[in-house]
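Novice: Sequence plus predicted model, see below.
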Amino acid sequence: MSTIEAICFDAFGTLVEITDTRRPFRAMLSEGPKGRLATDALLSPLGLRDIATKLAIKIGEARLLELECDLAAECRSIQLRPGIEKIWASLRRADLRIGICSNLALPYAKPLLAVVPGIPDALVLSFEVGLVKPQPEIFHLVCEQLGLSAAQILFVGDTPEADVLGPQAVGMRAMTIRNFQAALEHGAGHLPRTGEQVSLPVRQLLDRLIECACS
């Protein structure tokens, strides 16, 4: 079994969260032709106005300004999820590479990178590469950017299909952020007693994590 050399994280719901959720892209698409999906905004580097033009969505200037205000509010509200800064630092101390792979629309990229604790070794964003999770090709790009085989990467996210089943299909190990955080905080496979501290080094703990990686 290959040793884990990198952790690749999903972004929203995993590393960061939007604390003022308004979903302006979804609202925009709901006002356009039927059959358009949220993924239409994830596959190209487009803003709200670009999407309206590309999809010929008939929307008034007042409504468009309202949606742009909602988007700005969401971006301002992006913040790290509790415990992520500590996890990021622990992985760096263990000389592990860190990647981010996210289904993301263009306007959220800068706010995301502004709050993560450091510069990732791989950054694969759907609007830049024209692919979305769980398409296998997007995970292959993660491998290429990290310079590692799929078996050397543990993928961590919050959505079972996109962040667990998807990476597992290409040979990565994968688990939910909830289980990943619990294992790092309490040790793999058990709940902590009051005051108990993790004694395993991160790399050794990761070896045990593989046994409890779940879908």
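Specialist: Ah, there it is. Numbering: from 1, shown residues only.
Novice: Quick one: mean pLDDT for stretch 18-34?
Specialist: Here stretch 18-34 scores 88 as its mean pLDDT.
Novice: what's that stretch in contact with?
Specialist: With contacts defined as CB atoms under 8 Å, 6 or more residues apart in numbering, stretch 18-34 is touched by 12, 36-38, 40-41, 48, 51-52, 55-59, 63, 67-68, 70-71, 73-74, 76-79, 105. All C-beta atoms are positioned from the backbone trio N, CA, C, and that covers glycine.
Novice: Run through the chain and note the low-pLDDT ranges.
Specialist: 1, 33-37, 187-201, 203-215 (pLDDT under 70).
Novice: In contact with the residue nearest to Asp10 when sequence neighbours are not counted, which residues are there?
Specialist: Spatial nearest neighbour of Asp10, chain neighbours left out: Gly157 (3.1 Å); criterion: CB to CB, 6 or more residues apart in numbering. Counting by CB under 8 Å, 6+ apart, Gly157 touches 9-10, 13-14, 163-164, 174, 176-177.
Novice: So what pairs up with Gly157 in the strands?
Specialist: Beta-bridge pairing for Gly157 (DSSP bridges): Thr176.
Novice: hang on, the earlier thing: please list the members of the contacts of stretch 18-34 that lie in helices.
Specialist: Among these, the ones falling in helices (DSSP state H) are 48, 51-52, 63, 67-68, 70-71, 73-74, 76.
Novice: Turn those residues into TSV, including distance to Lys86 and neighbour count.
Specialist: Output for the ones in helices among the contacts of stretch 18-34, formatted as TSV (distance: CB to CB, whole Å; neighbours: other CB atoms under 10 Å):
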residue	distance to Lys86	neighbour count
Leu48	35	23
Ile51	37	23
Ala52	41	20
Arg63	42	13
Leu67	36	21
Glu68	35	16
Asp70	32	19
Leu71	30	21
Ala73	28	15
Glu74	25	20
Arg76	24	12
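Novice: what are the ranges of the strands in this structure?
Specialist: 6-9, 16-18, 78-80, 97-102, 122-125, 153-157, 173-176 (DSSP state E).
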